[in-house]
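# Predicted structure and sequence below. I'll ask about it afterward.
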Amino acid sequence: MSDDEEVSNTRRLPTLDKEPGASDPSDPSGPSPEAKDPSATTDGEKAGRFWSERQVPVAIVALVLLGATGLMLYDVVAVRADHQAMSWRRQLADQMATRPLDNPWVLGIAAAAALIGLWFLVLALTPGLREVLPMRRTASGIRAGLDRSAAALILRDRAMEVPGVQSVRMSVTRRKAKARAFSHFRELEEVRSDLDAALGDGLQQLGLSHRLRLSLKVRRPKKR
């Protein structure tokens, strides 16, 4: 094969350096609607909190019920086979037949059972996973979350870029972002204004479903 034929048989491969939304002449379908309007999914939809699987409480309840059911079933089968019932079941039946309802032991066991049941109801009706902040949905069927420590680290890095900031202590809760900054030069009001703008922009760029309230304090470091 000659050099001219080899050059004519080669073609240029597509590259990824095109502008977003630009049409490709070789693509008859044209640009997608998402490429035409990149801001169409910027805001997204609000999403609720993530629900915990509650693996530890479920495992504890399952093991307790399994053990109690197996022990009771074994004792019932033993009684049906003309054996005596276990001593604990005979004592429990005697105590339930002889102790009055206002006995302290009866009241204490009833209160403990009620508290355990209330705890299970709280676990069943609350989502849990307080460390994960839900993010806005930008596509259907996809959910994303941001860990609170990661959000605090991102905001801290944003705050450290402000001139005059020496150090920042950042903490993020489910509803609030708290910043405690130390400024070693510039006026405190100027630093506070720049920090408020920088952290406000950082909170917006986190893309959280619920906007966090910002609590900001700026002061001078202690003199040594």
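Looks like it came in fine.
# Distance check, the closest residue to Arg186 other than its chain neighbours against Lys223.
In this structure, Arg186 finds its nearest non-sequential neighbour in Gly164, 3.5 Å apart by C-beta to C-beta, 6 or more residues apart in numbering. (C-beta placed from N, C-alpha, C; glycine too.) Distance of Gly164 to Lys223, given as C-beta to C-beta, to the nearest Å: 17 Å.
# still on that earlier bit, show me the contacts for the residue nearest to Arg186.
Residues in contact with Gly164 (C-beta atoms under 8 Å, 6 or more residues apart in numbering) are 183-186, 190-191, 194.
# Just put these in TSV and tack on distance to Ala113.
Listed next are those as TSV, based on distance: C-beta to C-beta, whole Å:
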residue	distance to Ala113
Ser183	57
His184	59
Phe185	63
Arg186	62
Glu190	61
Val191	57
Asp194	58
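# Narrow these to just the buried residues.
183, 191, 194 (16 or more other C-beta atoms under 10 Å).
# wait, doesn't the first one sit right on Lys217?
No - with contact defined as C-beta atoms under 8 Å, Ser183 does not reach Lys217; the gap is 10.8 Å.
# how's the protein carved up into domains?
Domain ranges of the chain: 55-125, 144-219, per automatic domain parsing.
# Pick the most deeply packed of those.
Each of the domains of the chain was scored by mean neighbour count; the highest is domain 144-219, a mean of 16, by mean count of other C-beta atoms under 10 Å.
# need the next SSE after the least confident helix or strand in the chain by mean pLDDT, C-terminal direction.
Sorting the helices and strands of the chain by mean pLDDT, DSSP states H and E puts helix 33-36 at the bottom, at a mean of 39. Going down the chain from helix 33-36, the next helix or strand is helix 55-80, by DSSP states H and E.
# What mean pLDDT does the helix or strand following that next one get?
For helix 55-80, the following helix or strand on the C-terminal side (DSSP H and E) is helix 87-98. For helix 87-98, mean pLDDT rounds to 84.
# Can you tell me the element the nearest residue in space to Arg54 that is not next to it in sequence falls in?
Of all residues not flanking Arg54 in the chain, Leu123 sits nearest, at 5.6 Å (C-beta to C-beta, 6+ apart). In this structure, Leu123 sits in helix 104-125 according to DSSP H and E.
# Since that was my last question, I'll sign off now.
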